[in-house]
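Asker: turn this into a model:
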Amino acid sequence: MLENEISGNIIGAAIEVHRILGPGLLESVYEEALYHELHFRGIKFVRQQSTPIYYEGIKLGTKFRLDLLVEDKVIVELKAKEVLATIDKPQLLTYLRLCEKHLGLIINFHVELLRDGIYRVVNKLRE
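Answerer: Okay, the predicted model is just below:
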């Protein structure tokens, strides 16, 4: 499955979660509900993936965590806040580069219509 197809499946699952729960809850609630929805749909994912950081070929002792890695191709960062911080999109691009992935999604559940809270971030995506 290609990244764009995977992202469509993720967005469909997120829309269902948002339709049922609505806006205004904590990020952790949406995170858990989305995990269940992806599982129900048979979509493979890893949650809270701990990822090493390399600097000039040296593995650093510090790691970072991905909210969600779907089908080992798409990184998803979940949010539940009124306004995204200016660093949110560049941060996801950094994650994509460090993990050598090509597509990421930021899904902010704190919106009236979920389509207004979905952002694609691309790192050399092949079509």
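
Asker: drop to CA atoms for contacts and neighbour counts, all remaining ones
Answerer: OK.

Asker: what residues are up against residue 119?
Answerer: 105-107 (Cα atoms under 8 Å, 6 or more residues apart in numbering).

Asker: need the helices for this structure, in chain order.
Answerer: Counting by DSSP state H, the chain has helices at residues 3-21, 27-40, 88-99.

Asker: TSV for the contacts of residue 119, including distance to residue 53 and neighbour count?
Answerer: Converted to TSV, the contacts of residue 119 look like this (distance: Cα to Cα, whole Å; neighbours: other Cα atoms under 10 Å):
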residue	distance to residue 53	neighbour count
105	20	22
106	21	19
107	24	24
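
Asker: Throw the helices of the chain into a markdown table and include mean pLDDT, mean neighbour count and distance to residue 76, thanks.
Answerer: A markdown table is the format used below for those (pLDDT from 0 to 100; neighbours: other Cα atoms under 10 Å; distance: least, Cα to Cα, whole Å):
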| stretch | mean pLDDT | mean neighbour count | distance to residue 76 |
| --- | --- | --- | --- |
| helix 3-21 | 97 | 17 | 9 |
| helix 27-40 | 97 | 16 | 10 |
| helix 88-99 | 95 | 17 | 8 |
